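Q: Just to be clear, the model below is a prediction. Sequence and coordinates:
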Amino acid sequence: MTGVDVAALDVTRERRRILHGIDAHVGTGGWLAVIGPNGAGKSTLLKAVAGLLPYSGDVRVDGVRLRDLPPRELARTIAYTPQNPVVPPQMSVREYVLLGRTPHLGYLAVPGRRDRAVADGVIERLDLADFAHREVGRLSGGERQRVVLARALTQQTPVLLLDEPTTALDLGHQQQVLELVDLLRRDDGLTVITTLHDLGLAAQYAERMLLLVEGRAAAAGTAAEVLTPDSIAEHYQAHVEVVAGRDGRPQVHLVRPRDNARGGQARPAADVGGKAGP
Ligand SMILES: Nc1ncnc2c1ncn2[C@@H]1O[C@H](COP(=O)(O)OP(=O)(O)OP(=O)(O)O)[C@@H](O)[C@H]1O
């Protein structure tokens, strides 16, 4: 099968089982959003798929088992941006983004004209040209987050894993980043797996969702199948309305518990229904 296949993935850390038998498939050019409450195991899943954590089970890209790949080849297959990236503070933005070309260079080789063109192209598309000579350590949180994404895109891998890529971004840059990733998905067949806390954004961009709860898959399917008020109340203890957007995809709105909004007592979320989903 083409794309990413995850089968029976288990991860144990410090003798605690974090992920329990996760199965997932994302076809080439597909976008899977991994959602779930804090501590559910979303970042752990991405790190395991990126080959950064030991796991049992199987992860394949286009049928090739990732654990069989040497590190350089793995880095030419999967790019990953962590939730809290550590960046070398004194490096310039351009130098840092160019690091994305490392898996494509020969041993001891320095980036060539083509590598610089790839990096500069991504810098341009992410609106970072004005920052290219600035030190990474002197950027704002949102600027830094775009720089880290730029490095990942400069890797030019067929698979992109993004752990909360928009948390530090203002509204316009959230849209810019997700639209660019979506364009690369549609035009170049980039296969994307993201964690996203913003369920509304996840619903707009991802074709499929995997809801993790305490390390297990609680639901999987389209956004409309996974994002129901009952499911969100049960797993997030949140009060929401889910309505169909213009494009038919669900929009998720937080609503105040009725009694609280009137200044009265809160009811537990599980008691509260929501508007029926689409
Ligand atoms: N280095 C570690 N050693 C042991 N346990 C860890 C480690 N890192 C994370 N965990 C635990 O693994 C579980 C899953 O963590 P993970 O970061 O994958 O959750 P998450 O769904 O991404 O959460 P969040 O939404 O808060 O980012 C949590 O219970 C967490 O405490």
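A: Cool, got the structure.

Q: pLDDT at the residue sitting nearest the centre point of the chain, what is it?
A: The centre of the chain sits closest to T194, judged by Cα atoms, centre = their mean, with a distance of 1.9 Å. T194 is assigned 97 on the pLDDT scale.

Q: And T2, by the same measure?
A: Listed pLDDT for T2 reads 82.

Q: what about it, how many residues close to it?
A: Close neighbours of T2, defined as other Cβ atoms under 10 Å, add up to 16. All C-beta atoms are positioned from the backbone trio N, CA, C, and that covers glycine.

Q: Could you double-check that it lies in contact with V26?
A: No. Between T2 and V26 there is no contact under Cβ atoms under 8 Å: 9.9 Å.

Q: before we move on, the earlier item: disregarding residues adjacent in the polypeptide, which is nearest to the residue nearest to the centre of the chain?
A: Spatially, and ignoring its direct neighbours in sequence, T194 is nearest to L162 (4.4 Å; Cβ to Cβ, 6 or more residues apart in numbering).

Q: what kind of secondary structure is L160 in?
A: strand (DSSP: H, G, I helix; E, B strand; the rest coil).

Q: Count the residues that sit near it.
A: Around L160 there are 24 other residues, counting by other Cβ under 10 Å.

Q: residues touching it, list them.
A: Taking Cβ atoms under 8 Å, 6 or more residues apart in numbering, we find L160 in contact with 78-80, 152-153, 181, 184, 190-193.

Q: Over to G3?
A: By Cβ under 8 Å, 6+ apart, G3 lies in contact with 25-30, 61-62, 191.

Q: make it 10 Å
A: Counting by Cβ atoms under 10 Å, 6 or more residues apart in numbering, G3 touches 25-30, 32, 60-63, 158-159, 189, 191.

Q: quick check, stretch 161-178 touching the ligand?
A: No. Using Cβ under 6 Å from any ligand atom, we find that stretch 161-178 stays clear of the ligand, coming within 6.9 Å at best.

Q: let's have the chain start at 115 instead
A: Okay, residue one is now 115; in that scheme the one you just asked about reads as stretch 275-292.

Q: picking up where we left off before, tell me which of the contacts of L274 is nearest to A122?
A: Within the contacts of L274, proximity to A122 (Cβ to Cβ) peaks at I307, which comes in at 17.3 Å.

Q: picking up where we left off before, what about the residue nearest to the centre of the chain, helix or strand, and which?
A: Here T308, judged by DSSP states H and E, is contained in strand 305-309.

Q: And the strands in the stretch 165-314 of the chain?
A: Here the stretch 165-314 of the chain has its strands, by DSSP state E, counting those that start in this stretch, at 170-175, 178-179, 192-195, 273-277, 305-309.

Q: Show me which residues of the protein sit near the ligand.
A: Within the chain, the positions adjacent to the ligand are 127-128, 132, 150, 152-158 by Cβ under 6 Å from any ligand atom.
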